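# Could you work out the structure for the sequence below:
(one chain, ligands or ions: 1)
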Amino acid sequence: MSSSSSPRSLRAAASGVLSGTVRVPGDKSISHRALMIGALAVGETEISGLLEGDDVRHTAAAMEALGATVLRPDSASGLWRVRGVGIGGLAEPASVLDMGNSGTAARLLIGVVACHPITAVFTGDASLNKRPMARVTGPLERMGASFVGRKGGRLPLTVIGTDHPVPIDYRLPVASAQVKSAILLAGLNTPGVTTVIETHPTRDHSELMLRHFGAEVTTTTLPDGALAVSVTGQPELTGRRVLVPADPSSAAFPAVAACLRPGSDLTLTAVGINPRRTGLYITLKDMGADLSFENVRTEAGEPVADLRIRGSALKGVDVPPERAPSMIDEYPILAMAAACATGTTRMFGLAELRVKESDRLAMVATGLEACGVAFEAGAEHLFVHGTGKAPRGGGFITTAMDHRIAMSFLVLGGVAQEPVTVDDGSFIDTSFPGFIDLMNGLGAKISEAGDA
Ligand code: S3P
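Below you'll find the model as predicted:
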């Protein structure tokens, strides 16, 4: 797995147009939730389109360690199957739960375990073990769980789940779907109604999937405009079929690469277009991108479309802070589009970028500098000054164990004057296995940095 494999330096050189029709791998957020909620259901859940990336494999292994049966697909069907243990039925794991590079896996599962009467130790790789966990352990303590972790509640962390969980009403201090989901999942094995209030709506895949499995989840708008999301505890969840759409956050990389090359014509099939995830696509359209959602349909409760992108000139725009939750993972790739646009793109409300797989604001800024792109960065904002011409490129990019930093700068290398090299592309496998082959199949030129 990437978290233990040796670094893999990659280089992207300028290429011609990108064309073709492809499907990017399954949605990471939905894949984690399908495995976790399937493990808490009674009976069998059948999942098609599951992301087979390292992050999701860590979740699959953890659900097995907690007592569920996870059947990997035979090569013909591609279907994963989960035989669940029912809410309250999880077993104490015999060993430490390793969540690899995945904040979603760690935070959501800490929520699941917190309201089961079991003790489990969570750890991760060097990137995950730096990330803040107090944002989930704080509210889960109020539900009755106890935690022994490092400073700031960081992993490795021991979760001592409670056998008398109490429901809470909790207003999120940061816009975070992971924190919301951790509390809602804890609410599953808690009598009564657990409520999370969010001022800025974040991705609602947990709510949609819990309803799909038979839970009662309601969303109400409060007088101040905030959303109250409530789950009624101790429902009987039943195994279901789940169709995982292609990940809009992964589609973002080939989509931007095609936008930046006039003459490109790319179709990305069955991409999830849940409105809580489409901020990047709204922003690209504002910038003048030729982008459309075709064959819009609903698959297993999630809206899906084929995304068609043709190359076009882009112009700088302002991206308002309230759009951040719907494109939180897409700022690094937006910064690459902005570097090629004419004029300044001003991105606001980026505080949460600093606590992702890396400090993404800092890593983007350092990389832009190495590639000769003018920018201004502050605590919570990034302004990128594009000239409308191909950036110089030529930088050597430190990726800090962050898949999205690696993919973003490889996209920039595809349009820059000089090739761009990333120090380690191995973490791309956490979310986008097959990225290099998919991109090269469309016309990109990405290779091992050691190759001629
Ligand atoms: C995710 C929520 C987001 C996002 C992450 C996946 C999820 O994190 O960055 O990649 O699946 O709930 P935050 O909740 O920390 O914003």
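# in what helix or strand does A270 lie?
Per DSSP states H and E: A270 is located in strand 265-272.
# If you average the pLDDT over that strand, what comes out?
The average pLDDT for strand 265-272 rounds to 98.
# Check stretch 151-164 too.
Predicted confidence along stretch 151-164 averages 94 (mean pLDDT).
# Contacts for it, please.
96, 99, 106, 110, 113-124, 128-134, 137-138, 143-150 (Cβ atoms under 8 Å, 6 or more residues apart in numbering). All C-beta spots, glycine's among them, are computed from the backbone N, C-alpha and C.
# Then stretch 205-215?
Counting by Cβ under 8 Å, 6+ apart, residues outside stretch 205-215 touching it are 27, 29-30, 33-34, 37-38, 41, 45, 108, 177, 180-181, 184-185, 188, 217, 219, 229, 231-232, 235-240, 242, 274, 300-302.
# Restrict those residues to the buried ones and give me that as a ChimeraX selection.
The ChimeraX selection below is limited to those of those classed as buried (16 or more other Cβ atoms under 10 Å):
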select :27,29,30,33,34,37,38,41,45,108,177,180,181,184,185,188,217,229,231,232,235,237,239,240,242,274,300,301,302
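# Let me see the ranges of the strands in the stretch 101-250 of the chain.
Chain-ordered strands for the stretch 101-250 of the chain, with DSSP state E, counting those that start in this stretch as the definition, fall at 119-123, 146-150, 154-160, 169-171, 193-198, 217-221, 227-232, 241-243.
# doesn't M336 make contact with R404?
No - with contact defined as Cβ atoms under 8 Å, R404 does not reach M336; the gap is 10.8 Å.
# Look at those two and report which has more neighbours.
Neighbours of R404 and M336, each counted by other Cβ atoms under 10 Å, are more numerous for M336; the result is 31 against 28.
# Tell me where the model's unsure across the stretch 101-250 of the chain.
Across the stretch 101-250 of the chain, nothing is flagged by pLDDT under 70.
# who in it is up against the ligand?
Residues of the stretch 101-250 of the chain found near the ligand, taking Cβ under 6 Å from any ligand atom as the criterion, are T104, S176, A177, Q178, S181, R203.
# Show the contacting residues for K180.
K180 makes contact with L172, V196, E198, T202, S206, V229, according to Cβ under 8 Å, 6+ apart.
# Recalculate using a threshold of 10 Å.
K180 makes contact with 108, 111, 136, 139, 170, 172, 196-198, 201-204, 206-207, 227, 229 under the criterion Cβ atoms under 10 Å, 6 or more residues apart in numbering.
# out of those residues, which are buried?
So, of the contacts of K180, 108, 111, 136, 139, 170, 172, 196-198, 201-204, 206-207, 227, 229 end up buried under the neighbour-count rule (16+ other Cβ under 10 Å).
# returning to what we had before: let's test this: mean pLDDT of the helix or strand following the strand holding A270, rounded?
Using DSSP H and E, the next helix or strand after strand 265-272 towards the C-terminus is helix 279-286. Per-residue pLDDT values across helix 279-286 average out to 98.
# Please list the outside residues in contact with the following helix or strand past helix 279-286.
As assigned by DSSP H and E, the chain's next helix or strand after helix 279-286 is strand 290-299. Where contact means Cβ under 10 Å, 6+ apart, the residues beyond strand 290-299 that reach it are 48-49, 242-245, 255, 258-259, 262, 264-267, 269-273, 278, 281-282, 284-285, 303-313.
# export the strands of the stretch 101-250 of the chain to CSV and tack on distance to M347?
Putting these into CSV (distance: least, Cβ to Cβ, whole Å) gives the following:
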stretch, distance to M347
strand 119-123, 32
strand 146-150, 32
strand 154-160, 28
strand 169-171, 26
strand 193-198, 21
strand 217-221, 28
strand 227-232, 24
strand 241-243, 33
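# For R23, find the nearest of these.
With Cβ to Cβ as the criterion, R23 lies closest to strand 241-243 of those, at 12.5 Å.
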